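In: I'd like to go over a predicted model; first the sequence, then the structure.
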Amino acid sequence: MVEVMWLAISAAATMVGAAFATAWAEKVVGAAAVGAMAENESLFGKGIVFMVLPETIVLFGFVIAFLIVGKI
């Protein structure tokens, strides 16, 4: 029973860490992308691509949490 509790806590911590990492990355990349687009409007496409890349952090965190929950 205690092992299940620790697995659940580790899955939750994985998702929280991934969410905070993604939020921080979106903040940094978003500010840079908006600044670049303010100077040169043709960088819009590249800015959108770089805004999507940090979302993979959440996907990786979800996969890891799913694997942890699978051990329960």
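Out: Arrived safely, thanks for sending. Numbering: from 1, shown residues only.
In: pLDDT below threshold where in this structure?
Out: Residues of the chain meeting the criterion pLDDT under 70: none.
In: The same query, at a cut-off of 90, please.
Out: 1-4, 43, 46-48, 50-51, 53-56, 69-72 (pLDDT under 90).
In: Helices of that one, start to end?
Out: When secondary structure is read from DSSP state H, the chain shows helices at 2-39, 44-52, 55-70.
In: Take those and write them to JSON lines, including mean neighbour count.
Out: For glycine as for every other residue, the C-beta is placed from the backbone atoms N, C-alpha and C. Shown next, in JSON lines, are these (neighbours: other C-beta atoms under 10 Å):
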{"stretch": "helix 2-39", "mean neighbour count": "14"}
{"stretch": "helix 44-52", "mean neighbour count": "13"}
{"stretch": "helix 55-70", "mean neighbour count": "14"}
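In: Can you give the distance from stretch 4-20 to the centre of its chain?
Out: Offset of stretch 4-20 from its chain centre (C-alpha atoms, centre = their mean, to the nearest Å): 14 Å.
In: what does that stretch contact?
Out: For stretch 4-20, contacts defined as C-beta atoms under 8 Å, 6 or more residues apart in numbering pick out 57-58, 60-62, 64-65, 68-69, 71-72.
In: Quick check: the two most widely separated of those residues?
Out: 57 and 72 (23.8 Å; C-beta to C-beta).
In: Verify the stated contact: residue 30 with residue 53.
Out: No. With contacts defined as C-beta atoms under 8 Å, residue 30 does not count as touching residue 53, sitting 11.5 Å away.
In: who's in contact with the closest residue in space to residue 50 that isn't next to it in sequence?
Out: Nearest non-adjacent residue to residue 50, counting by C-beta to C-beta, 6 or more residues apart in numbering: residue 29, 5.2 Å away. Contacts for residue 29 (C-beta under 8 Å, 6+ apart) come out as 50-51, 53-54.
In: Alright, I will stop here.
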